[in-house]
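Peer 1: All I have is the shape, not the residue letters:
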């Protein structure tokens, strides 16, 4: 087991390092970023007022809308000529959020991801099949540089071209695969269609992230490939993948790289901190970034944290698996539910394949949700391809009842033949909001 010294440091040592780096970051943004100077002044706080880690609560929050409002380079703490790379979000809901890196930032990021790979079971000499997308998205290049820093043999496959992915897995014999869980499941499905057994590959570990996924999805991935599936967390606004990583020994929460990031968990409505172990919105402050430091960035991701020592021996704070995003939460007649909660119960139904979508629409003046799910090949054959048969109708009712019992919501269920719902070649699209289309139609 590769264990970085900082990962087993005493809390007092780690928190002392965080405090000195927090002060330095506050000074940096106050001096170099007009946006933060203005926000600090509005809050009546100066960098020298930070005397303890609790004083971080006096600092202003940063939101994605702040990043978009200062597009593209308004929040940089260095001149653009000092940067060596730019990344950006997809910008599907407007201008993308742009993040920048100095050479030192890139070096730190490579170290952080190398540590993450080691936490997940990786070691020098491993062959890493990197199926995350390369380009403006941080996933592909983030894992790539970290894999090389670890000393692994890095295969930059990127996403898509699934049959070529399968050929490379068979010929290059990787021990680790990195990608979104939905796309790696897509690879497995195609392997089976070609008469190949995913359990017979050389793969031992999977590093999955970039989308929320449930414990049931973990079980499906592990059984499908005969691997250990570990969760990686990160977002471009904070640095990219590697902010936190689940260890392969315990698979019980993700270890945050606390020497580089300070984490808080707040109630997204009151903005007040929640207790340890309670779910809330993750908030991160970067501690070592030069080009694009962020202060109390509201991620929109719902999780909890614990400071209990992990069975693997690491002392760093662990965050839970991300339950979902604040803006992904569906409110059905006053009940809050996340797609990952639905997925958790859905994948326990043996007649259903692990491919689904949730369609949101309006029924009169009320919001409604309909689950679109695929049946398995075996079940489809069993009912003779008739999704109106008694068995199919009974299955839909059983799924409805299951979700009503465990998620406390009434959701319509529509079954589909195998391999008819869209497949992911990157991040899965789990929620289809038909309300937007309906609003346009009514204009």
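Peer 2: Right, received. Where do you want to start? None of these values were measured; they are calculated from a predicted model.

Peer 1: And the helices in the stretch 151-300 of the chain?
Peer 2: For the stretch 151-300 of the chain, the helices defined by DSSP state H, counting those that start in this stretch cover 162-172, 181-193, 215-225.

Peer 1: which helices and strands does the first one pack with?
Peer 2: Right, helix 162-172. Contact partners of helix 162-172 among helices and strands, from 3 or more CB pairs under 8 Å, 6 or more residues apart in numbering; DSSP states H and E: strand 127-130, helix 181-193. To be clear about C-beta, it is placed using only N, CA and C from the backbone, and glycine gets the same treatment.

Peer 1: Next up, the contacts around the nearest residue to residue 160 once chain neighbours are set aside.
Peer 2: In this structure, residue 160 finds its nearest non-sequential neighbour in residue 425, 4.5 Å apart by CB to CB, 6 or more residues apart in numbering. Applying CB atoms under 8 Å, 6 or more residues apart in numbering to residue 425 gives the contacts 159-160, 162, 183, 186.

Peer 1: Pipe these into TSV and attach distance to residue 374 per row.
Peer 2: Below are the contacts of residue 425 laid out as TSV (distance: CB to CB, whole Å):
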residue	distance to residue 374
159	21
160	21
162	17
183	16
186	13
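
Peer 1: Per-residue pLDDT of the residue nearest to residue 160, please?
Peer 2: On pLDDT, residue 425 comes in at 76.

Peer 1: That one sits in which helix or strand?
Peer 2: Secondary structure assignment for residue 425, by DSSP states H and E: no helix or strand.

Peer 1: Have a look at the protein and report its longest helix.
Peer 2: Determined from DSSP state H, the single longest helix within the chain is helix 11-32.

Peer 1: chain center to that helix: distance?
Peer 2: Using CA atoms, centre = their mean, to the nearest Å, the mean C-alpha position of helix 11-32 is found 26 Å from that of the whole chain.

Peer 1: what's the answer for stretch 323-330, then?
Peer 2: The answer for stretch 323-330 is 12 Å, by CA atoms, centre = their mean.

Peer 1: Would you list the phi and psi of residue 308?
Peer 2: Main-chain dihedrals, residue 308, degrees, to the nearest 10: phi -70, psi 140.

Peer 1: Let's see the pLDDT reported for it.
Peer 2: Looking at residue 308, its pLDDT stands at 94.

Peer 1: so what's it up against?
Peer 2: Residues in contact with residue 308 (CB under 8 Å, 6+ apart) are residue 318.

Peer 1: Against residue 253, how distant is it?
Peer 2: Between residue 308 and residue 253 the computed distance is 9 Å (CB to CB, to the nearest Å).

Peer 1: Next: residue 278.
Peer 2: Residue 278 is 14 Å from residue 253, by CB to CB.

Peer 1: ok, these two, which is more surrounded?
Peer 2: For residue 278 versus residue 253, neighbours defined as other CB atoms under 10 Å are more numerous around residue 253 (21 against 11).

Peer 1: check contacts around the nearest residue to the more buried one once chain neighbours are set aside.
Peer 2: Nearest residue to residue 253 in three dimensions, chain neighbours excluded: residue 318, at 3.3 Å (CB to CB, 6+ apart). By CB under 8 Å, 6+ apart, the contact set of residue 318 is 244, 252-256, 305-308, 310.

Peer 1: Over to residue 119?
Peer 2: Contacts of residue 119 (CB under 8 Å, 6+ apart): 7, 230, 245-248, 255, 312, 314.

Peer 1: repeat for residue 158
Peer 2: Counting by CB under 8 Å, 6+ apart, residue 158 makes contact with 130-134, 140.

Peer 1: Likewise for residue 86?
Peer 2: Residue 86 neighbours (CB under 8 Å, 6+ apart): 98-101, 136.

Peer 1: let's go with 7 Å and repeat that
Peer 2: Going by CB atoms under 7 Å, 6 or more residues apart in numbering, residue 86 touches 98, 100.

Peer 1: Show me what secondary structure element comes after the helix or strand harbouring it.
Peer 2: Using DSSP H and E, residue 86 sits within strand 85-88. Downstream of strand 85-88, the first helix or strand assigned by DSSP H and E is strand 98-101.

Peer 1: mind listing what's buried in the following helix or strand past that following strand?
Peer 2: Next in sequence after strand 98-101, counting helices and strands by DSSP H and E, comes helix 103-119. By neighbour count on 16 or more other CB atoms under 10 Å, the buried set for helix 103-119 is 105-106, 108-119.

Peer 1: Give the rounded mean pLDDT of helix 103-119.
Peer 2: In this model, helix 103-119 has a mean pLDDT of 97.

Peer 1: wait, what's in contact with the closest residue to residue 285 other than its chain neighbours?
Peer 2: Nearest in space to residue 285, with sequence neighbours left out and distances taken as CB to CB, 6+ apart, is residue 262 at 4.4 Å. Neighbouring residues of residue 262 by CB under 7 Å, 6+ apart: 18, 22, 56, 284-285, 287.
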